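Enquirer: sequence unknown, structure follows:
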């Protein structure tokens with residue numbers, strides 16, 4: 001997978017290989033997070049998009065039908081109307097992106113809802129709604145969805161501030177098939193796709209997401225998406241519908257689970273007052289909000305795995321994950337990332353400021369024989385815009401850049417002497 005970004009937010013130009021683990025390093029405010037947010041936005045809005053469109057069409061038709069039946073039906077039969085929400089899909093299907101309803105079968109089953117004279121009236125009203133739905137081509141519906149996703153991730157600042165009149169371009173290539181987008185005035189103006197995405201992207205940028213799991217009004221779209229996934233932990237823990245899948249996953253991830261439990265033993269439980277960490281030696285669970293910030297980073301991984309949220313070939317985006325972790329835990333976290341990438345064949349994008357964390361990623365990719373899937377990029381401000389250069393075969397460029405602060409300290413020490 002390769003992502004190309006031009007004139008987007010702070011980025012003037014970037015071409016990034018996303019296959020295995022991709023690490024982007026650079027100074028603050030050098031566009032590193034932009035790559036992850038672009039990926040997240042694309043996958044979040046486009047994964048299983050055709051299924052999403054069908055669900056929306058279904059909801060609109062059913063809402064309209066229920067409204068018309070409530071208006072036209074007898075008072076004594078209105079209780080039956082609400083039963084339609086889960087049943088009407090049996091009478092509605094799509095053919096060549098057109099919604100079609102089998103009215104004869106529908107009224108054969110629900111004839112008691114309406115007298116014969118009013119059935120034709122309802123059919124005519126719903127026909128008008130369906131004609132409107134069918135007139136909207138899927139690509140137009142997708143474009144209407146793209147702008148809100150990107151705007152939410154970039155706070156309505158998609159186009160470059162330095163060159164706002166030049167369109168922002170995004171090109172994602174997966175196995176020689178492309179998804180391309182163009183933005184003007186912070187809105188999508190062109191969209192083309194040759195592939196339907198079926199994998200999801202997970203964006204993690206703060207362990208404090210754990211403190212917000214009880215929050216239901218959150219503007220940050222990537223964080224809200226992650227919170228919704230974490231909330232599934234308490235649901236999936238008691239769900240026995242996928243016991244076989246869970247058992248297989250436990251075997252696959254035995255080494256990962258062992259390393260997480262070494263740092264964070266116990267189980268995450270949903271309680272009335274929030275989420276807690278339970279251990280046999282404790283009389284009651286400890287609220288995860290009361291854990292150290294570093295431990296919360298491991299809580300996120302633990303909950304994602306326990307709820308079986310990570311799937312093969314998903315996208316995992318980690319924005320400066322080493323923050324709040326002391327050196328030994330940075331090593332453990334780096335090893336976990338490498339193991340998860342290998343086991344799930346994930347595409348992992350990491351931004352970092354840490355020489356130590358980058359060194360750990362390099363070391364563990366060599367240990368687990370995935371070094372050939374490691375890609376390194378240096379993000380730098382050049383001529384009023386950010387450019388990202390691949391330095392996979394010359395990683396010293398990153399280490400040297402991130403060691404500038406040490407050079408300043410050395411100079412200060414020499415000056416004092």
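Expert: Right, received. Where do you want to start? Given the structure is predicted, the values throughout are model-derived calculations rather than measurements. Numbering: from 1, shown residues only.
Enquirer: which residues touch stretch 2-13?
Expert: Contact with stretch 2-13 is made by 14-18, 29-31, 34-35, 38-39, 154, 157-160, 163, 166-173, 183, 382-388, as judged by CB atoms under 8 Å, 6 or more residues apart in numbering. Quick note: C-beta positions are derived from backbone N, CA and C, even for glycine.
Enquirer: can you check stretch 405-412 too?
Expert: Looking at stretch 405-412 with CB under 8 Å, 6+ apart, no contacting residue turns up.
Enquirer: And the average pLDDT for that stretch is what?
Expert: Across stretch 405-412, the average pLDDT comes to 83.
Enquirer: returning to that earlier point: filter the contacts of stretch 2-13 down to the buried ones, PyMOL style.
Expert: Buried members of these, defined by 16 or more other CB atoms under 10 Å, are picked up in PyMOL with:
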select buried, resi 14+15+16+18+30+31+34+35+38+39+154+158+159+160+167+168+169+170+171+172+173+183+385+386+387+388
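Enquirer: what sits against the nearest residue to residue 146 once chain neighbours are set aside?
Expert: Leaving aside its sequence neighbours, residue 146 sits nearest to residue 188 (CB to CB, 6 or more residues apart in numbering; 4.5 Å). Counting by CB under 8 Å, 6+ apart, residue 188 touches 143, 146, 147, 150, 181, 182.
Enquirer: Buried ones among the residues you listed?
Expert: 143, 146, 147, 150, 181, 182.
Enquirer: mind giving me CSV with those residues and columns for distance to residue 264 and secondary structure?
Expert: Shown next, in CSV, are these (distance: CB to CB, whole Å; DSSP: H, G, I helix; E, B strand; the rest coil):
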residue, distance to residue 264, secondary structure
143, 43, helix
146, 38, helix
147, 39, helix
150, 35, helix
181, 39, strand
182, 44, strand
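Enquirer: Adding pLDDT and distance to residue 209 as columns, could you present the residues you listed in CSV?
Expert: Converted to CSV, the buried ones among the contacts of residue 188 look like this (pLDDT from 0 to 100; distance: CB to CB, whole Å):
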residue, pLDDT, distance to residue 209
143, 83, 30
146, 90, 25
147, 90, 25
150, 92, 21
181, 95, 27
182, 96, 32
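Enquirer: which one of those residues is nearest residue 121?
Expert: Distance to residue 121, by CB to CB, is smallest for residue 143 among the buried ones among the contacts of residue 188, at 35.0 Å.
Enquirer: circling back: I'd like the buried ones among the contacts of residue 188 as JSON lines, with distance to residue 340 appended.
Expert: Listed next are those as JSON lines, based on distance: CB to CB, whole Å:
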{"residue": "143", "distance to residue 340": "34"}
{"residue": "146", "distance to residue 340": "29"}
{"residue": "147", "distance to residue 340": "32"}
{"residue": "150", "distance to residue 340": "27"}
{"residue": "181", "distance to residue 340": "29"}
{"residue": "182", "distance to residue 340": "34"}
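Enquirer: just curious, which of these is nearest to residue 219?
Expert: residue 150 (14.4 Å).
Enquirer: and the closest one, what is it in contact with?
Expert: Residue 150 touches 41, 158, 183, 188, counting by CB under 8 Å, 6+ apart.
Enquirer: can we see that at 10 Å?
Expert: 8-9, 37-38, 40-42, 44-45, 156-158, 168, 170, 181, 183, 186-188, 221 (CB atoms under 10 Å, 6 or more residues apart in numbering).
Enquirer: Restricted to strands, list these.
Expert: Counting by DSSP state E, those place 8, 168, 170, 181, 183, 187, 188 in strands.
Enquirer: In contact with the second one, which residues?
Expert: So that's residue 168. Residue 168 neighbours (CB under 10 Å, 6+ apart): 5-9, 11, 38, 150, 154, 158-160, 181-184, 186, 188-189.
Enquirer: Show me what the longest helix along the chain is packed up against.
Expert: With DSSP state H setting the assignment, residue counts place helix 49-72 as the longest helix in the chain. Here helix 49-72 is seen to pack against helix 78-81, strand 92-95, strand 98-101, helix 116-135, helix 138-154 when contacts are counted using 3 or more CB pairs under 10 Å, 6 or more residues apart in numbering; DSSP states H and E.
Enquirer: What pLDDT is listed against residue 244?
Expert: 51.
Enquirer: I misspoke; the intended subject was residue 173.
Expert: pLDDT recorded at residue 173 is 96.
Enquirer: isn't it right up against residue 193?
Expert: No. Assessed by CB atoms under 10 Å, residue 173 is found out of contact with residue 193, at 11.4 Å.
Enquirer: What average pLDDT does stretch 362-380 get?
Expert: On average, stretch 362-380 scores 95.
Enquirer: Now do the end-to-end distance for that stretch.
Expert: Length of stretch 362-380, first residue to last, CA to CA, to the nearest Å: 21 Å.
Enquirer: and what of stretch 156-164?
Expert: 13 Å.
Enquirer: Identify the residues contacting that stretch?
Expert: Residues from elsewhere that reach stretch 156-164 (CB under 10 Å, 6+ apart): 6-12, 38, 41, 147, 150-151, 165-168, 170, 181, 183-188, 383-386.
Enquirer: run the last query once more with 7 Å
Expert: 7-9, 150-151, 166, 168, 183-186, 384-385 (CB atoms under 7 Å, 6 or more residues apart in numbering).
Enquirer: Let me have those in CSV, extended by distance to residue 295.
Expert: Putting the contacts of stretch 156-164 into CSV (distance: CB to CB, whole Å) gives the following:
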residue, distance to residue 295
7, 41
8, 35
9, 33
150, 33
151, 34
166, 45
168, 39
183, 39
184, 45
185, 44
186, 39
384, 42
385, 39
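Enquirer: just the strands in the stretch 251-400 of the chain please.
Expert: 267-271, 274-278, 286-287, 315-319, 347-352, 374-382, 385-390 (DSSP state E, counting those that start in this stretch).
Enquirer: Save these as CSV, and put in distance to residue 125 too.
Expert: Below are these laid out as CSV (distance: least, CB to CB, whole Å):
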stretch, distance to residue 125
strand 267-271, 44
strand 274-278, 47
strand 286-287, 52
strand 315-319, 43
strand 347-352, 47
strand 374-382, 56
strand 385-390, 54
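Enquirer: and of those, who's closest to residue 102?
Expert: Checking the strands of the stretch 251-400 of the chain against residue 102 by CB to CB gives strand 315-319 as the closest, at 39.5 Å.
Enquirer: Quick one: distance of the closest one to the chain centre.
Expert: The chain centroid and the centroid of strand 315-319 are separated by 9 Å under CA atoms, centre = their mean, to the nearest Å.
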